[in-house]
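Student: coordinates only, sequence not included:
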DNA sequence: ACTTTATCAGTATTATTATATTGATATTGT
DNA sequence: ACAATATCAATATAATAATACTGATAAAGT
């Protein structure tokens, strides 16, 4: 039940878990029951040692030389880590196409999230359902979060409204915010913000490509 | 025109640029023409030194003690860096709600991307338009990419089809791929892949929250 | 003019993450 | 039973990124 003497899992490793899970499930479907770190590394195009370290960080048992790790056990360990069996409830604010994409995203439950309500200010959306989730007037954010004891909020509204929405979520007792608006939210110290910034990824891709193109020009 | 003796910009710094641009534009709108690194750091909740370093990495001129940096100059430098003035053309594959969200995302042009075509296999979508972009049959991916000399591809199809689509893009001469499918694509060495993995972010958020909750329980 | 002060640039330190190396061990094949 | 081998665990090194520190300097106040 506890994890002393375990190398605490790093943020980066955590980010790789979904890839591992996905790959391990594929192997399980092929009735493969043990797998080595080098094999997974090859499949996912990662470093062998990195994979082994990641496995060591989450696995309840050790890998065996020559054989590797138990596929089902790794899956179970990762699922537990990510909260597969006790998904947190979350609310989503903003009912646009991004919200739609999130609500229909199969990964949600797998990685520990269950969206219990969606909010919007646009009366045209209010009362409708998106993939089984009711859209409710944004006025009720604080009230409903508090009453339902929801601790995670997802923000998909435009940048201009993100801070307002954020404040309402915080007022409603939300502790963690998954923010898709391209701004840095200002929150009290104890609130967790995970920014999902398309602009940032795009910037990185664009810059890398420019470097590559420059390089190609010279040769 | 060249940048010797410049600290090369890091990936992380690059990811912060969109936040800086956004903030700097707000300041410009308020007719503020110089700003200090500590001020920006405070507004964006970042470390003062980090901001100064980031500015130093992209700015064509130096900051002045007591005054700070020129707002407009910083904006110009960042826009150039990110390709604001010569946006790359890209194609998008998969016409679902995520594609919709990307196509209507205002940030695109700002950060150097212009989507010239969208592809899908679903005949119900083919021929329609999303926010002004035509949806074309997925059979034509390779051919069209090559003819239009498009070097960036965006993948928003389900995981099961992502590799196939990826191969078609590569066959069409695409050099950089922005991948929203939750798998690690296998590509030739010279192809750039930027993964945008919702599952990974979610995993990180979920884990952090669990730690926080555990901590709160103990007090 | 002089002093104070906010800010800068440059350098040093620390933290985090990734990768390489070394020796041990379980399985396979002879 | 023994040797060969793939893989592991653990430790060491390297790469990357964040933060702290130190001395210099431009602007503002006295």
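Tutor: Nice, thanks for sending it over. From a predicted model like this one, the values you see are computed outputs, not experimental measurements.
Student: Distance-wise, check residue A:117 relative to DNA strand C.
Tutor: Going from residue A:117 to DNA strand C by Cβ to the nearest atom of the strand, to the nearest Å gives 32 Å. Backbone N, C-alpha and C define where each C-beta goes, glycine included.
Student: so what's that residue bridging to?
Tutor: In this entry, residue A:117 is beta-bridged to residue A:91, by DSSP bridges.
Student: go on, residue A:130?
Tutor: The bridge-partner assignment for residue A:130, based on DSSP bridges, gives residue A:133.
Student: Pull the contacting residues for it.
Tutor: Contact analysis of residue A:130 by Cβ atoms under 8 Å, 6 or more residues apart in numbering or on different chains lists A:95, A:99, A:100, A:103, A:104, A:118.
Student: Return the residues of chain A in contact with DNA strand C.
Tutor: Applying the criterion Cβ under 7 Å from any atom of the strand, the portion of chain A that neighbours DNA strand C consists of A:10-13, A:46-47, A:49-50, A:53, A:64-67.
Student: would you say residue A:16 is within a strand?
Tutor: No: the assignment for residue A:16, made by DSSP: H, G, I helix; E, B strand; the rest coil, is helix rather than a strand.
Student: Any idea how many residues pack against residue A:129?
Tutor: Residue A:129 has 11 neighbouring residues, counting by other Cβ atoms under 10 Å in any protein chain shown.
Student: List the residues that contact it.
Tutor: With Cβ under 8 Å, 6+ apart as the criterion, the residues that contact residue A:129 are residue A:135.
Student: I'd like the distance between it and DNA strand D.
Tutor: Looking at residue A:129 against DNA strand D, where the rule is Cβ to the nearest atom of the strand, the gap reads 40 Å.
Student: still on that earlier bit, now the residues of chain A next to DNA strand C: which count as buried?
Tutor: Of all the residues of chain A next to DNA strand C considered here, the ones buried according to neighbour count by 16 or more other Cβ atoms under 10 Å in any protein chain shown are A:13, A:46.
Student: and residue A:160, backbone torsions?
Tutor: For residue A:160, the backbone dihedrals (degrees, to the nearest 10) come out as phi -60, psi -30.
Student: Help me confirm that residue A:163 comes into contact with residue A:187.
Tutor: No: under the criterion of Cβ atoms under 8 Å, residue A:163 makes no contact with residue A:187, lying 9.4 Å away.
Student: Now do the buried residues in stretch A:109-117.
Tutor: For stretch A:109-117, the buried set under the neighbour-count rule, 16+ other Cβ under 10 Å, comprises A:110, A:111, A:112, A:113, A:115, A:116, A:117.
Student: Stretch A:11-29: how far from the chain's middle?
Tutor: With Cα atoms, centre = their mean, to the nearest Å as the basis, the distance from the averaged C-alpha position of stretch A:11-29 to the chain average is 13 Å.
Student: just stretch A:64-82 next, same as before
Tutor: Here the centre of stretch A:64-82 is set off from its chain's centre by 20 Å, with Cα atoms, centre = their mean.
Student: picking up where we left off before, which of the buried residues of stretch A:109-117 sits closest to residue B:207?
Tutor: Distances from those to residue B:207 were compared by Cβ to Cβ; the smallest belongs to residue A:112, at 8.5 Å.
Student: number of nearby residues for the closest residue to that closest one other than its chain neighbours?
Tutor: Counting by Cβ to Cβ, 6 or more residues apart in numbering or on different chains, residue A:112 lies nearest to residue A:83, which is 3.0 Å off, once chain neighbours are set aside. Counted with other Cβ under 10 Å, residues neighbouring residue A:83 total 21.
Student: if we can go back for a sec, which of the contacts of residue A:130 are buried? Put it as a ChimeraX command.
Tutor: Buried members of the contacts of residue A:130, defined by 16+ other Cβ under 10 Å, are picked up in ChimeraX with:
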select /A:95,99,100,103,118
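Student: Among the contacts of residue A:130, which lie within strands?
Tutor: Under the assignment DSSP state E, the contacts of residue A:130 contribute residue A:118 to strands.
Student: Out of the contacts of residue A:130, flag the one nearest to chain B.
Tutor: The shortest separation between chain B and any of the contacts of residue A:130 is 4.0 Å, and it belongs to residue A:100 (by Cβ to the nearest Cβ).
Student: That closest one: what's its closest spatial neighbour, skipping adjacent residues?
Tutor: Excluding the flanking residues, the one nearest residue A:100 by Cβ to Cβ, 6+ apart is residue B:97, at 4.0 Å.
Student: Per-residue pLDDT of that neighbour, please?
Tutor: Model confidence at residue B:97, given as pLDDT, is 93.
Student: quick one: the strands in chain A?
Tutor: Assigned by DSSP E, the strands in chain A fall at A:34-35, A:69-70, A:88-93, A:113-120, A:129-130, A:133-137, A:152-155, A:176-179, A:192-195.
Student: if I pick the closest residue in space to residue A:85 that isn't next to it in sequence, what's in contact with it?
Tutor: Once its chain neighbours are removed from consideration, residue A:85 has its nearest residue in residue A:79; the separation is 6.7 Å (Cβ to Cβ, 6+ apart). The neighbours of residue A:79, taking Cβ under 8 Å, 6+ apart as the test, are A:21, A:85, A:110.
Student: Could you check how many residues crowd around the closest residue to the last one other than its chain neighbours?
Tutor: For residue A:110, ignoring the flanking residues on the chain, the nearest one in space by Cβ to Cβ, 6+ apart is residue A:84 at 6.2 Å. Residues lying near residue A:84 (other Cβ under 10 Å) number 17.
Student: Residue A:84 contacts residue A:112, correct?
Tutor: Yes: between residue A:84 and residue A:112 there is a contact under Cβ under 8 Å: 6.3 Å.
Student: Now do stretch A:30-48, average pLDDT.
Tutor: Stretch A:30-48 comes out at a mean pLDDT of 96.
Student: Next one: that stretch, is it in contact with DNA strand D?
Tutor: Yes: contact of stretch A:30-48 with DNA strand D is found when judged by Cβ under 7 Å from any atom of the strand, involving A:36, A:37, A:38, A:39, A:48.
Student: Is any residue of the lowest-mean-pLDDT helix or strand in chain A near DNA strand D?
Tutor: Least confident element among the helices and strands of chain A, by mean pLDDT, DSSP states H and E: helix A:198-217 (a mean of 79). No: against DNA strand D, helix A:198-217 shows no contacts by Cβ under 7 Å from any atom of the strand, the least distance being 9.7 Å.
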